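**Student:** For reference, the sequence and a predicted model appear below.
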Amino acid sequence: MNTWWFDQAAVNAFLTLQEAHSTAVDAVVTGCSTCEELQCDHTVGYGGSPDENGETTLDAMIFDGTTMNMGAVGGLRRIKDAALAAKMVLQHTKHSFLVGDLATEFAKNFELHEENLSTNYSTNVWKEWKSRKCQPNFWQNVNPDPTKSCGPYQADSNEILADEPWKIFNSDNHDTIGMIAIDECGNVAAGTSTNGASHKIPGRVGDSPIPGAGAYADSTVGAAVATGDGDVMMRFLPSFLAVEEMRRGASPAKAAQTAIDRIAEKYPDFFGAVLVSTNKGEFGAACNGMDSFPFCVASEALGGVVVKTVNCT
Ligand code: SD4
């Protein structure tokens with residue numbers, strides 16, 4: 001299963017699970033890589049969410065709930081295959097998380113080649129933002145460019161600037177693929193891939209590659225993945241919390257709601273969602289800051305992929 005309406009990712013992950021000897025980890029990598037190639041909503045993979053300098057950087061994580069081992073990359077530069085790079089960290093190192101240019105150097109050991117991640121689309125998004133009288137941004141209590149007439153965008157309050165009816169965080173411009181897979185041996189894996197937040201301050205890494213924040217899995221219980229305003233969400237480790245709630249007996253839907261409520265108590269307007277599954281494939285989701293949250297589920301029982309929706313509280 002995976003976040004949003006990225007059904008091709010679910011199809012490919014499901015097909016991977018049906019291949020001989022493939023594992024839950026393989027399926028999650030396939031699903032996340034599919035979205036990277038398709039540039040799902042321009043918010044996964046290359047050519048989306050340019051930072052303040054116009055560059056696209058990628059965050060991804062692959063978490064194996066059987067070995068409790070993981071691999072992640074953050075702020076990955078000039079490599080399209082972030083999920084594969086994360087898988088290389090998982091499978092070929094004793095580390096968990098590599099970042100920035102040195103993650104790029106690492107990935108090149110595995111024939112992931114270096115290239116510019118900008119496209120006409122991302123360059124135009126960046127130019128349009130740059131040419132605004134007032135550029136929504138992530139600075140706070142300081143205005144790095146005093147020639148801009150409006151104050152800084154307040155990331156925590158999700159404020160819409162009065163003369164700029166445009167949000168940095170919403171479901172049109174800010175999605176992550178978060179995927180959970182269960183293979184026939186009962187192994188549970190979870191993963192994420194995203195290009196983060198548009199107009200982020202260069203160097204920003206979101207919640208997606210952080211264990212317990214963007215994703216978490218434990219094959220004895222289940223898994224959870226998160227999407228949304230990662231700067232806020234990572235402070236609450238919602239994926240970890242949801243899995244621990246299930247360990248204590250909560251249903252997936254209740255566990256997801258508890259994780260969302262914990263954040264909403266402090267940030268009532270935050271934008272985000274959590275998708276949760278038991279190790280048997282019973283699932284639930286909860287969301288905040290939008291009307292409803294779509295997600296894809298694929299299984300033999302369903303006969304393929306179905307897009308489901310949960311209404312937000
Ligand atoms: C981030 N959580 O980098 C990601 C982006 C996302 O829906 O999921 N948007 O903050």
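**Tutor:** Looks like it arrived, so ask away. These numbers were taken from a predicted model, which means no experiment stands behind them.
**Student:** can you pull out the helices in the stretch 1-150 of the chain?
**Tutor:** Taking DSSP state H, counting those that start in this stretch as the criterion, the stretch 1-150 of the chain carries its helices at 7-18, 24-38, 82-92, 100-108, 120-130.
**Student:** Return the most buried member of these.
**Tutor:** helix 24-38 (a mean of 26; mean count of other CB atoms under 10 Å). C-beta here means a position set from N, CA and C on the backbone, and glycine is covered the same way.
**Student:** can you put the helices of the stretch 1-150 of the chain in JSON lines and add mean pLDDT and distance to the ligand?
**Tutor:** Supplementary listing: the helices of the stretch 1-150 of the chain in JSON lines, determined by pLDDT from 0 to 100; distance: least, CB to the nearest ligand atom, whole Å:
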{"stretch": "helix 7-18", "mean pLDDT": "95", "distance to the ligand": "14"}
{"stretch": "helix 24-38", "mean pLDDT": "98", "distance to the ligand": "12"}
{"stretch": "helix 82-92", "mean pLDDT": "98", "distance to the ligand": "12"}
{"stretch": "helix 100-108", "mean pLDDT": "98", "distance to the ligand": "15"}
{"stretch": "helix 120-130", "mean pLDDT": "94", "distance to the ligand": "15"}
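**Student:** Present these as CSV; the columns should include distance to K254.
**Tutor:** Putting these into CSV (distance: least, CB to CB, whole Å) gives the following:
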stretch, distance to K254
helix 7-18, 24
helix 24-38, 24
helix 82-92, 30
helix 100-108, 37
helix 120-130, 39
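**Student:** For V225, which of these is the nearest?
**Tutor:** The closest of the helices of the stretch 1-150 of the chain to V225 is helix 24-38. By CB to CB, the value is 9.5 Å.
**Student:** between the helices of the stretch 1-150 of the chain, which gets nearest to P202?
**Tutor:** Closest of these to P202 is helix 100-108, at 10.2 Å (criterion: CB to CB).
**Student:** list the helices and strands the closest one packs on?
**Tutor:** On a contact count with 3 or more CB pairs under 8 Å, 6 or more residues apart in numbering; DSSP states H and E, helix 100-108 meets strand 69-77, helix 82-92.
**Student:** Please consider this matter closed, and thank you.
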